[in-house]
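Engineer: Quick one: sequence plus predicted model below, questions after.
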Amino acid sequence: MSHTPPPPAELDSFDRKILEILSGEARISMTELATRVGLSKTPVLARVKRLEKDGIITGYRAQLSAARLGLDHVAFIELKLSDTREAALTAFNDAVRRLPEVEECHMIAGGFDYLIKVRTRDIRDYRRVLGDGISRLPHVASSSTYVAMEAVKDRDVSDWDA
């Protein structure tokens, strides 16, 4: 069930500048964006629409403070599955996507099958998520938890040079 991702998009300096600005200021007006990019509003709007249509801009969102929301407990889990055939992987993937506390889940090539990032209120809440959610996912054989003490560097793709 694997698919080939589309090739990386061809972006010129105007596209890169638009992405840089929008990734930090998604609510900027098209007029202000055009001024800062150095083009008129119409071509900037056309470029933004093309970047959206091409799947480069996948959405707009507010960045929330995990600490202010009381969700600053982060744990990483190495997970091994008892079955790694395609049907088992699909069942696991579908189920893990439904756990709201799972912030990230990556299939890993190495000594375990998945690396999961979980964000909760505290260690008690994490224990609940582990017992009632993670350990009940399809085909889970074992897990190892690593609790983050501090986020030294935490960013998303919008912080990369486009």
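Structural biologist: Sure, I can see it. Numbers count the residues shown, from 1 in each chain.
Engineer: Check which helix or strand residue 74 maps to.
Structural biologist: strand 73-81 (DSSP states H and E).
Engineer: Could you pull out the strands in the chain for me?
Structural biologist: Taking DSSP state E as the test, the strands found in the chain are 73-81, 102-107, 114-120, 140-147.
Engineer: quick one on the thing from earlier: which elements pack onto the strand holding residue 74?
Structural biologist: For strand 73-81, the helices and strands in contact under the criterion 3 or more C-beta pairs under 8 Å, 6 or more residues apart in numbering; DSSP states H and E are helix 86-96, strand 114-120, helix 123-132, strand 140-147. C-beta: built from backbone N, CA, C; applies to glycine.
Engineer: that older thread, can you redo the strands of the chain as CSV with mean pLDDT and mean neighbour count?
Structural biologist: As requested, the strands of the chain are exported to CSV (pLDDT from 0 to 100; neighbours: other C-beta atoms under 10 Å):
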stretch, mean pLDDT, mean neighbour count
strand 73-81, 97, 19
strand 102-107, 97, 14
strand 114-120, 97, 20
strand 140-147, 97, 13
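Engineer: and of those, who's closest to residue 43?
Structural biologist: Across the strands of the chain, the minimum distance to residue 43, taken as C-beta to C-beta, is reached by strand 102-107, at 36.0 Å.
Engineer: centroid residue for this protein?
Structural biologist: residue 104 (6.1 Å; C-alpha atoms, centre = their mean).
Engineer: Roughly how far does the nearest residue to it once chain neighbours are set aside sit from residue 107?
Structural biologist: By the measure of C-beta to C-beta, 6 or more residues apart in numbering, the closest residue to residue 104 outside its immediate chain neighbours is residue 117, 4.1 Å from it. Distance from residue 117 to residue 107, counting by C-beta to C-beta, to the nearest Å: 14 Å.
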